[in-house]
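1. model this:
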Amino acid sequence: MERNLAESRFCQPPERRGLSRAEAAEYVGVGVSKFDTLVADGRMPEPKRIDGRRVWDRRQVDRAFDLLEGGCAVEDNPWEL
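-> Okay, here's the model as predicted:
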């Protein structure tokens, strides 16, 4: 018996909140060594410790990414009508 679309969405695992170092770097679009630099200088958050594992909170990474310099604000977008 085939599942309908609603059932298949219900069975999918939730989006992960914790990211490994490599996943966090990929998430923000940089290499691991650049991500390490961003963490060291405070532009990206420190990881949480879960036993011996370091895990980055995706929400904290999102907030830190929003604070990075560059780009234009939505209200400054010349392409927006």
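
2. so what touches the top strand by length along the chain?
-> Secondary structure of the chain per DSSP state E: the longest strand is strand 53-57. By Cβ atoms under 8 Å, 6 or more residues apart in numbering, the surrounding residues in contact with strand 53-57 are 17-21, 23-24, 44-45, 47-49. Just so you know, the C-beta spots here come from the backbone N, C-alpha and C atoms, and that holds for glycine as well.

3. and those, which are buried?
-> 19, 24, 44-45, 47 (16 or more other Cβ atoms under 10 Å).

4. so what's the gap between the helix or strand where residue 24 lies and the chain middle?
-> Here residue 24 sits within helix 21-28, counting by DSSP states H and E. With Cα atoms, centre = their mean, to the nearest Å as the basis, helix 21-28 stands 7 Å off its chain's centre.

5. got the angle between it and strand 53-57?
-> If you take axes from the mean of the first three to the mean of the last three Cα atoms, to 10 degrees, helix 21-28 sits at 20 degrees to strand 53-57.

6. I'd like the contacts of strand 53-57 as TSV, with pLDDT and distance to residue 59 appended.
-> Formatted as TSV, the contacts of strand 53-57 follow (pLDDT from 0 to 100; distance: Cβ to Cβ, whole Å):
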residue	pLDDT	distance to residue 59
17	94	7
18	96	10
19	97	10
20	96	16
21	97	17
23	96	14
24	97	12
44	98	13
45	98	10
47	98	13
48	98	11
49	97	17
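
7. on the pLDDT front, check residue 33 for me.
-> Model confidence at residue 33, given as pLDDT, is 98.

8. helix, strand, or coil at it?
-> helix (DSSP: H, G, I helix; E, B strand; the rest coil).

9. what is the neighbour count of it?
-> Residue 33: 9 surrounding residues under other Cβ atoms under 10 Å.
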